[in-house]
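*Asks:* Task: produce atomic coordinates for the following.
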Amino acid sequence: MSRRIVRVGQIVPSSNTTMETEIPAILRARELAGVGDETFTFHSSRMRMKKVTKAELEAMDRDSLRCAAELSDAPVDVVGYACLVAIMSMGTGYHRSSEAKLRAVLKEEGLDVPVVTSAGALVDELKRAGARSVSVVTPYVRPLTDLVVDYLREEGIAVVDSIALSIDDNVAVGRRNPSLLVDDVDRLNITGVDAVVLSACVQMPSLGAIQQVEDKLGLPVTSAAICTTRKMLSALELEPVAPGAGYFLSERNLAEKTLGRSGKAQPGRDSETLHANGGL
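*Replies:* Residues are numbered from 1 along each chain as shown. You can find the predicted model right below:
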């Protein structure tokens, strides 16, 4: 039986190397685990950005419309805007207007497909799971981290604690060993939280550490990349499940509001991992 080909488009910063690594790893693991009958291909257009500063983020965001027009030429089945802090630095709720503008450009080019921003995906997936309070780790300098924290709080998600690793070189962020996060969380206050966002950044690698940190903390752990993948799968009307990506892409998170103070869910362990399936 032939498999359906799903083309995943991504708008990424020119210096980003992680979203084109982690999202394919998650979806390849999904294929190998026999979830669905889809085969995924991956296609990107890039916005120039080297340093994670507010000025460069604003300039880069303006370039996202060109990228959307380019991806329409593929044509892709879904478009993901893969820069969380660029969206969040533009002000509360900006992910909604960004998604609307990108979709309008795609429609002008004759392509009517879903658009997902990593910022919107993180907000929406935390809310959907019922996570009312979180603690987060970011690679950003403190002022940009505070913008992320404020953005989440304005969306009604309490942030108990945040770690700002203060790395402004985006290439250096992408080269950071995800295993360092296992120790980083020792400094994170997780008292009373429903979930931990291990990487509130689409460039800081975390996929290889997600399950280990879930086991260590006994809490659901997610990332911007995982939430973006789940939101994309849902937008494509595909089962939003993949092995080795923690609680948020597990079958335990299929129903809404599985987290929260009234009966907090336990993360558990997936029966198959990315390591077993040739992933990270």
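*Asks:* immediately after the one helix or strand V182 maps to, which helix or strand?
*Replies:* Element membership for V182, per DSSP states H and E: helix 180-184. Downstream of helix 180-184, the next assigned helix or strand under DSSP H and E is strand 195-199.
*Asks:* Mind checking what helix or strand follows that next one in sequence?
*Replies:* Past strand 195-199, the next helix or strand by DSSP H and E is helix 210-217.
*Asks:* Can you point out the buried residues in that next one?
*Replies:* Buried residues in helix 210-217, counting neighbours by 16 or more other C-beta atoms under 10 Å, are found at 210-214, 217. (Glycine included, C-beta is placed from N, CA and C.)
*Asks:* mind saving the C-alpha coords of stretch 101-121 as PDB?
*Replies:* Presented in PDB, the C-alpha positions along stretch 101-121 are these (Å, rounded to 0.1, in the frame of the first residue of the first chain):
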ATOM      1  CA  LYS A 101      -0.600  37.500   7.700                       C
ATOM      2  CA  LEU A 102       1.300  34.400   6.600                       C
ATOM      3  CA  ARG A 103      -1.900  32.500   5.700                       C
ATOM      4  CA  ALA A 104      -3.000  35.500   3.600                       C
ATOM      5  CA  VAL A 105       0.200  35.500   1.600                       C
ATOM      6  CA  LEU A 106      -0.100  31.800   1.000                       C
ATOM      7  CA  LYS A 107      -3.700  32.300  -0.200                       C
ATOM      8  CA  GLU A 108      -2.600  35.100  -2.500                       C
ATOM      9  CA  GLU A 109      -0.200  32.600  -4.000                       C
ATOM     10  CA  GLY A 110      -2.900  30.000  -4.400                       C
ATOM     11  CA  LEU A 111      -2.200  27.800  -1.400                       C
ATOM     12  CA  ASP A 112      -4.700  27.400   1.400                       C
ATOM     13  CA  VAL A 113      -2.900  25.400   4.100                       C
ATOM     14  CA  PRO A 114      -2.600  25.700   7.900                       C
ATOM     15  CA  VAL A 115       0.000  28.000   9.400                       C
ATOM     16  CA  VAL A 116       1.500  27.200  12.800                       C
ATOM     17  CA  THR A 117       3.900  29.500  14.700                       C
ATOM     18  CA  SER A 118       6.100  28.000  17.400                       C
ATOM     19  CA  ALA A 119       5.000  30.700  19.800                       C
ATOM     20  CA  GLY A 120       1.400  30.000  19.200                       C
ATOM     21  CA  ALA A 121       2.000  26.300  19.300                       C
END
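*Asks:* Pull out the buried positions in it.
*Replies:* 102-103, 105-106, 111, 113-121.
*Asks:* quick one, phi psi at S250?
*Replies:* Note on S250: its backbone torsions stand at phi -100, psi 170 [degrees, to the nearest 10].
*Asks:* Quick one, grab the pLDDT at it.
*Replies:* Residue-level confidence at S250 comes out at 97, pLDDT.
*Asks:* Pull the number of nearby residues for it.
*Replies:* Burial of S250, expressed as a neighbour count using other C-beta atoms under 10 Å, amounts to 23.
*Asks:* Closest to R96 out of the buried residues of helix 210-217?
*Replies:* R96 lies nearest to I210 out of the buried residues of helix 210-217, by C-beta to C-beta, at 27.4 Å.
*Asks:* didn't the closest one look like it was pressed against S223?
*Replies:* Yes. The pair formed by I210 and S223 meets the contact definition of C-beta atoms under 8 Å, at 6.7 Å.
*Asks:* shared neighbours, those two?
*Replies:* In terms of C-beta atoms under 8 Å, 6 or more residues apart in numbering, I210 and S223 are both contacted by the residues L198.
*Asks:* For Q203, give its distance to M19.
*Replies:* 8 Å (C-beta to C-beta, to the nearest Å).
*Asks:* which of these two has more neighbours?
*Replies:* Neighbours were counted for Q203 and for M19 using other C-beta under 10 Å; Q203 has more, 31 against 25.
*Asks:* What's the local residue count around I5?
*Replies:* I5 - counted by other C-beta under 10 Å - has 10 other residues nearby.
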